[in-house]
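1. Dropping the sequence and predicted coords here.
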Amino acid sequence: MGNGVQGVIPREIKLDLEKKFVVGRVDKIMRFQILECEIGYNTVPLDHIIFFNGRTAFDEISEDVARFPCHHFRFATMEEMKTRHEKSPVLTGEVL
């Protein structure tokens, strides 16, 4: 398992933003925030989280994609996180 990072998508924009995450596609993700973790909400032992918002944009990169590593993030659902709490100290998605 690779490194983890906690990403937050507000419930109000979840359905719209989920459509922009396409498995197998290389995207430049723009207009998101890096926020300090609040005590009690830090599911990964890091000081900061990625916060996606209504202005977050995805720009597909289709040329020279071989220059990027063949990894992707899969964000875990809350249900998946609850089942992992005793198995793994890192409760977010995995880096493949």
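-> That came through fine. Treat the numbers as computed from the prediction; the structure is a model and nothing was measured.
2. Give me the contacts around stretch 9-16.
-> 17, 18, 52, 53, 54, 75 (C-beta atoms under 8 Å, 6 or more residues apart in numbering). Using the backbone N, CA and C atoms, a C-beta is placed for each residue, glycine as well.
3. For it, the averaged confidence score.
-> Mean pLDDT, stretch 9-16: 90.
4. And the contacts of stretch 9-16, which is closest to residue 28?
-> residue 52 (14.0 Å; C-beta to C-beta).
5. what's the burial count for that closest one?
-> For residue 52, the neighbour count with other C-beta atoms under 10 Å is 20.
6. Pull the contacting residues for the residue lying closest to residue 33 once chain neighbours are set aside.
-> Distance criterion C-beta to C-beta, 6 or more residues apart in numbering; nearest residue to residue 33, sequence neighbours excluded, is residue 51 at 4.3 Å. Residues in contact with residue 51 (C-beta under 8 Å, 6+ apart) are 7, 8, 32, 33, 34, 35.
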